[in-house]
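Visitor: Task: produce atomic coordinates for the following.
(one chain, ligands or ions: 3)
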Amino acid sequence: MDHPRVESNGLIGPVNAALTPRYAGLGTFARLPRIEDVSHADVAVLGMPFDTGVSYRPGARFGATHVRESSRLLRPFNPAQSTSPFASVQIADAGDVALNPFDIGEAIATAQRTASEFLAGGTSLITIGGDHTLALPLLRAHAEKYGPVALLHFDAHLDTWDTYFGAEYTHGTPFRRAFEEGLIDTDALCHVGTRGPLYGTQDLEDDARFGFGIVTSNDVMRLGVDAVTRLLRERVGDRPLYVSLDIDVLDPAHAPGTGTPEPGGMTSRELYEILRGLRGCHLVGADVVEVAPAYDHAELTGLAAAHVVYEFMSLLALGTGAAPGGPAYGASGTVYGDPGDRR
Ligand SMILES: N=C(N)NCCCC(=O)O
Ligand SMILES: [Zn+2]
Ligand SMILES: [Zn+2]
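Guide: Ligands and ions are numbered 1, 2, ... in the order given. Predicted coordinates:
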């Protein structure tokens with residue numbers, strides 16, 4: 001069956017929703033072309049089904065497929081950023097990486113090698129996990145290309161713990177390993193959305209020693225998203241920036257489908273506005289991890305994650321300078337008013 005696509009400037013866009021119903025056809029992310037169908041992708045969405053590193057509920061191995069299925073309703077124009085990401089740069093779905101579920105070391109090596117190949121070919125990555133173990137090989141690949149990167153880590157958890165059952169490579173430990181390996185710029189690190197009980201005060205002492213700042217979910221509530229965005233922008237400056245986003249950063253009311261849920265999190269509205277406020281930062285790559293569809297309801301978590309990916313796409317498209325201007329939703333009350341000093 002023929003599925004007509006939205007095309008512009010020689011770029012191949014998503015299947016045209018006015019001609020082929022959104023619920024029909026094979027489910028690439030946002031119904032974008034497969035990477036095999038384009039000569040070059042500036043940005044690729046890459047699935048990494050893998051959850052051998054989890055410490056509690058399993059199931060994130062099904063996350064990438066779920067987020068793709070939840071992305072069918074996305075539309076081409078993002079009015080919050082006044083950009084049409086699919087018409088600005090070539091974005092494609094690169095499918096899933098085959099990661100060995102029985103050998104974490106091999107899976108990490110495969111994830112790193114695959115990511116490095118895309119980056120070497122000039123394709124930026126937005127990765128859909130999979131559990132948070134994957135942040136380590138992804139940071140290795142980005143540091144190989146850009147040097148130690150600034151890191152904004154959206155998560156309920158610190159993920160700078162040392163070991164579980166003596167295991168070094170788990171979803172609770174990627175950022176300690178990244179620090180030890182010199183993959184991250186210790187002047188430009190911040191957790192965002194942190195909350196919930198810890199094992200002890202040593203967790204915070206270690207984390208501070210690695211150079212992380214912490215913006216808790218309560219800070220987001222008290223300071224507000226614009227102030228938080230300003231803090232984050234100051235912290236990362238114009239350094240190459242990697243964003244790692246664990247969907248459990250959202251309150252379980254907004255994203256129940258995850259393996260280690262923590263009550264008291266931020267809303268999806270707050271999260272998207274903070275991400276949009278990173279416009280102008282030098283984003284080089286991003287991941288969305290820990291979507292575990294077995295615990296989801298009504299696609300809440302899949303939808304929340306699909307929109308995170310869409311905001312990452314918008315940021316990467318804007319980062320190229322290729323994005324056309326135009327009207328945008330205003331920051332403070334008016335519909336097409338002054339976008340405010342954030343933009
Ligand atoms: N969801 C991630 N990435 N990590 C959670 C680890 C929490 C724990 O087992 O104590
Ligand atoms: Zn987490
Ligand atoms: Zn995490």
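Visitor: hmm, stretch 289-296 touching ligand 3?
Guide: No: Stretch 289-296 lies apart from ligand 3 when judged by C-beta under 5 Å from the ion; the minimum separation is 5.8 Å. (Each C-beta comes from the backbone N, C-alpha and C, glycine too.)
Visitor: Quick one: neighbours of His297, just the number.
Guide: 9 (other C-beta atoms under 10 Å).
Visitor: pLDDT weak spots in the chain?
Guide: 321-327, 330-343 (pLDDT under 70).
Visitor: By residue count, tell me the biggest helix in it.
Guide: Identified as the longest helix of the chain according to DSSP state H is helix 300-319.
Visitor: Give me the buried stretch members for it, please.
Guide: 300-319 (16 or more other C-beta atoms under 10 Å).
Visitor: That one packs against which elements?
Guide: Packing contacts for helix 300-319, counted by 3 or more C-beta pairs under 8 Å, 6 or more residues apart in numbering; DSSP states H and E, involve strand 43-48, helix 63-69, helix 85-88, strand 124-129, helix 268-276, strand 282-289.
Visitor: just how off-centre is it within its chain?
Guide: Chain-centre distance of helix 300-319: 7 Å, with C-alpha atoms, centre = their mean, to the nearest Å.
Visitor: ok, that helix near ligand 1 or not?
Guide: No: against ligand 1, helix 300-319 shows no contacts by C-beta under 6 Å from any ligand atom, the least distance being 13.2 Å.
Visitor: orientation of that helix relative to strand 282-289 in degrees?
Guide: Computed by axes from the mean of the first three to the mean of the last three C-alpha atoms, to 10 degrees, the angle separating helix 300-319 from strand 282-289 equals 170 degrees.
Visitor: How about helix 300-319 and ligand 2, touching?
Guide: No: for helix 300-319, no contact with ligand 2 is found by C-beta under 5 Å from the ion; the gap never falls below 12.9 Å.
Visitor: who wins for proximity to Pro4 among the helices and strands packed on helix 300-319?
Guide: Checking the helices and strands packed on helix 300-319 against Pro4 by C-beta to C-beta gives helix 85-88 as the closest, at 14.4 Å.
Visitor: That's all I had, so thanks and see you.
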